[in-house]
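J.: here is the input, now give the coordinates:
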Amino acid sequence: MIRPLNRYRPKLLRAVLGASLGLLISACMTANLKEPMPSTLVPAPQAAASHPLVVVLPGRYDSLGDLQTKGIAQAIQKSWPVADVLLVGATPPYYMDGGLVRRLREQVIEPARQKGYREIWLSGASQGGMGSLFYERNYPGDVTGLVLFAPYMGPDRVVARIAKAGGPAQWQPPLPKPAILNGDNYQTEIWRTVHDWSKDTARTHEIWLACGADDDLLPAARMIATQLPPGHFIELPGGHEWKVWDVAATRIFAQIASASATP
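T.: Here you go, the predicted structure:
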């Protein structure tokens with residue numbers, strides 16, 4: 001279940017990245033961090049010589065089971081029936097020790113390449129969108145592209161600071177760039193990723209974004225959109241919920257599928 005994230009407080013997100021596990025999550029959200037992140041593959045409904053792979057990360061209050069029932073895989077495959085979809089249970093515990101990006105690379109992306117996937121898209125909603133940007137920060141251009149659904153971009157004060165600077169292109173991230181993500185720097189580091197697209201505009205042709213018109217994260221999404229090509233940001237009726245993101249996924253992956261099929 002996704003709950004409204006308009007009051008996703010700084011202390012909460014600091015905890016997501018580094019504080020005590022037991023302070024934030026209930027027993028149903030615990031995970032054995034010694035085990036690989038759980039995942040479920042939804043095979044493409046249509047045969048193809050080569051299947052692309054779409055990796056989907058959940059929001060903060062979603063489990064792997066929620067991803068399976070919310071219809072995101074079906075929404076993607078409705079427009080891109082040759083795509084395999086991998087739903088990954090990257091719940092808060094996998095963020096909280098700072099190991100999300102490492103796990104994504106070692107447990108998801110690299111094994112997918114070893115299985116022969118040449119086109120890999122990383123997608124996520126809310127916290128999962130943030131996680132996708134974390135991956136892009138550490139490994140820019142490593143995956144084919146990103147599809148972000150209302151990504152969490154830090155508390156209101158951080159978003160306001162970026163806006164006051166004139167937007168992500170004009171805002172200057174602090175130097176030097178930290179070697180690792182932690183609870184003290186993640187808020188600026190997700191924006192550093194967006195800022196850096198102004199220096200690599202070719203990369204933005206593989207970045208897509210969607211957000212509901214009634215979503216409290218819309219101001220941040222609109223700022224991210226200033227870095228993207230025309231048509232790569234979709235604003236739909238609705239709030240912070242999967243029924244909005246499912247519609248967006250069908251529209252976005254229709255365009256990705258069309259471009260992928262072009263010689």
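
J.: isn't there a strand covering residue 147?
T.: Yes: counting by DSSP: H, G, I helix; E, B strand; the rest coil, residue 147 is part of a strand.

J.: any idea what the nearest residue to it once chain neighbours are set aside is bridged to?
T.: Once flanking residues are discounted, residue 147 sits nearest to residue 123: 4.0 Å by CB to CB, 6 or more residues apart in numbering. To be clear about C-beta, it is placed using only N, CA and C from the backbone, and glycine gets the same treatment. Beta bridges link residue 123 to residue 56, residue 147, judged by DSSP bridges.

J.: tally up the residues packed near the nearest residue to residue 107 once chain neighbours are set aside, please.
T.: Nearest residue to residue 107 in three dimensions, chain neighbours excluded: residue 36, at 4.6 Å (CB to CB, 6+ apart). Residue 36 has 15 neighbours, counted by other CB atoms under 10 Å.

J.: likewise residue 135?
T.: Residue 135: 24 surrounding residues under other CB under 10 Å.

J.: and the pLDDT for it?
T.: Looking at residue 135, its pLDDT is 98.

J.: could you check how far it is from residue 181?
T.: Using CB to CB, to the nearest Å, we find residue 135 at a distance of 10 Å from residue 181.

J.: same question, residue 225
T.: 24 Å.

J.: same check on residue 92?
T.: Taken as CB to CB, the span from residue 92 to residue 181 is 15 Å.

J.: also residue 223?
T.: In terms of CB to CB, residue 223 sits 21 Å off from residue 181.

J.: after the worst-scoring helix or strand of the chain on mean pLDDT comes which helix or strand?
T.: Counting by mean pLDDT, DSSP states H and E, the chain has its least confident helix or strand at helix 21-24, which shows a mean of 35. Remark: after helix 21-24, the chain's next helix or strand is strand 39-42, criterion DSSP states H and E.

J.: ok, residues contacting that following strand?
T.: 64, 67-68, 73-74, 77, 84-89, 108 (CB atoms under 8 Å, 6 or more residues apart in numbering).

J.: what's the mean pLDDT across that strand?
T.: Computed over strand 39-42, the average pLDDT equals 98.

J.: cross-check the contact I'm expecting between residue 203 and residue 140.
T.: Yes: contact status for residue 203 versus residue 140: in contact at 7.1 Å, counting by CB atoms under 8 Å.

J.: in the stretch 151-263 of the chain, which spans are helices?
T.: 156-164, 186-196, 218-225, 242-261 (DSSP state H, counting those that start in this stretch).

J.: so where's this structure uncertain?
T.: Applying pLDDT under 70 to the chain picks out residues 1-31, 262-263.

J.: a markdown table for the helices of the stretch 151-263 of the chain, including mean neighbour count and distance to residue 173?
T.: Shown next, in a markdown table, are the helices of the stretch 151-263 of the chain (neighbours: other CB atoms under 10 Å; distance: least, CB to CB, whole Å):
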| stretch | mean neighbour count | distance to residue 173 |
| --- | --- | --- |
| helix 156-164 | 15 | 10 |
| helix 186-196 | 22 | 4 |
| helix 218-225 | 20 | 14 |
| helix 242-261 | 19 | 27 |
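
J.: distance of residue 154 from residue 133?
T.: Distance from residue 154 to residue 133, by CB to CB: 11 Å.

J.: and these two? Which one has more around it.
T.: Neighbour tally, residue 154 and residue 133, criterion other CB under 10 Å: the higher count belongs to residue 133, 26 against 21.
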